[in-house]
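J.: sequence and computational prediction follow.
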Amino acid sequence: MEGEDRRVGVAIDFSPCSKKALKWAVDNIVRTGDYLILVIARPEGDPDDGEMLLWKTTGTPLIPLLEFADPAVTKKYGVKPDPETLEIASLAARQKDIVVVMKIYWGDAREKICEAIDNIPLTCLVIGNRGLGKIKRAILGSVSNYVVNNASCPVTVVKNAENE
């Protein structure tokens, strides 16, 4: 892969486990010159919402870090990045000299993350694991489990250490 543009994806929902996955990806996978792509899958939005309607089928264009740090920009996509996630991404961009972008999809997180892998396309993906118990996982279905079994690229699952 020498000389090739690596596109490292991280599935983000701004939860503690997705921040942990982002931090892990930055510390362990991302190298100088890589593209770090934050993939966000939102539940179906209001179909009357202009921006969401426009990008509903393909997901948004790649949104540069500077833009998704702007609350006016993220509001129109129905996303509210938390300061910690933005800080991890900005620090990585500065320290590792990488390009950080965000891509937002609407729909089932499992399907949309796999779609992102193929459409962007991603070199690899890092995803957090909420650590649902066996019963909750059986009922809700594990997004990370689905992605691991259906992704067309290597997937790393970062487990959430705090077991409730």
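T.: In hand now; what should we look at? Numbering: from 1, shown residues only.
J.: my read is Gln95 is in a helix, agree?
T.: Yes - read with DSSP: H, G, I helix; E, B strand; the rest coil, Gln95 is one of the residues of a helix.
J.: just checking, Thr156 is part of a strand?
T.: Yes - judged by three-state DSSP, Thr156 forms part of a strand.
J.: give me the element the nearest residue to it once chain neighbours are set aside is part of.
T.: Nearest residue to Thr156 in three dimensions, chain neighbours excluded: Val126, at 4.8 Å (C-beta to C-beta, 6 or more residues apart in numbering). In short, each C-beta sits where N, CA and C put it, glycine included. Taking DSSP states H and E as the definition, Val126 sits inside strand 124-129.
J.: just checking, what packs against that strand?
T.: Under the contact criterion of 3 or more C-beta pairs under 8 Å, 6 or more residues apart in numbering; DSSP states H and E, strand 124-129 touches strand 7-11, helix 16-28, helix 109-119, helix 143-150, strand 155-159.
J.: can you redo these as CSV with mean pLDDT?
T.: Converted to CSV, the helices and strands packed on strand 124-129 look like this (pLDDT from 0 to 100):
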stretch, mean pLDDT
strand 7-11, 97
helix 16-28, 95
helix 109-119, 95
helix 143-150, 92
strand 155-159, 93
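J.: for Leu36, find the nearest of those.
T.: Proximity to Leu36 (C-beta to C-beta) singles out strand 7-11 among these, at 5.4 Å.
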